[in-house]
Structure formats: C-alpha cells, structure tokens
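Asker: need a structure here:
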Amino acid sequence: MCLAIPSKIVKIENNVATIDVDGVRREASLLLIEDPKVGDYVIVHAGFAINKINEELALESLKLMKEAASLIFDDDKKK
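Answerer: Now for the predicted structure:
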C-alpha cells in the first residue's frame with residue numbers, strides 16, 4: 001500500500017522542492033507540477049509532487065492521518 005502525504009513547499013531550487021510535513025523536511029521533484037510556488041501544498045508520491053491541493057483540504061487530511069495514527073498506537077499500547 002502506498003500513502004501520498006500532503007506536504008507544503010517551503011523552498012524551490014532547480015525543479016526540486018523542499019517540502020515540510022509537521023516539521024519533517026524532504027526533497028521532492030516538481031517536474032510533474034505546473035507552476036509550483038513556495039507555500040503551495042502538494043501531494044507527494046515516490047519522491048514526486050504529483051498534484052496541488054488547497055491548504056484547507058491538506059490540513060484536514062493531515063489532521064485525520066494524525067488521528068488515525070494515534071488510534072493505532074493507543075491500541076498497540078493496550079496490548
């Protein structure tokens with residue numbers, strides 16, 4: 001299973017973005033995105049930004065992922 005995570009572009013250099021997800025920064029290729037800008041949210045898969053996403057939807061998706069992760073980890077602690 002693959003999971004594409006909404007990520008915020010914080011820097012762009014030579015078609016490579018530095019992206020941030022909750023303080024964790026990585027690089028992602030921007031070759032598949034039209035007119036990327038610092039501050040845009042993108043969906044990243046396998047090192048490539050594959051789609052822009054609006055900020056509201058990105059933040060809601062990240063919130064739901066955190067909630068799901070906390071449920072899994074809380075359940076593991078009970079075992």
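
Asker: Checking my notes, L59 in a strand, right?
Answerer: No. Counting by DSSP: H, G, I helix; E, B strand; the rest coil, L59 is not found in a strand; it is helix.

Asker: From K11, how far off is it?
Answerer: 20 Å (C-beta to C-beta, to the nearest Å). The way it works is simple: take the backbone N, C-alpha and C, and place the C-beta from them, glycine included.

Asker: and the strand ranked longest in the chain, what does it pack onto?
Answerer: What stands out as the longest strand in the chain, according to DSSP state E, is strand 5-13. In terms of contacts (3 or more C-beta pairs under 8 Å, 6 or more residues apart in numbering; DSSP states H and E), strand 5-13 is packed against strand 16-21, strand 24-29, strand 41-45, strand 48-53, helix 55-78.

Asker: Determine which stretch of these is the most buried.
Answerer: strand 41-45 (a mean of 20; mean count of other C-beta atoms under 10 Å).

Asker: pLDDT of that one, averaged?
Answerer: Taken as a whole, strand 41-45 has a mean pLDDT of 94.
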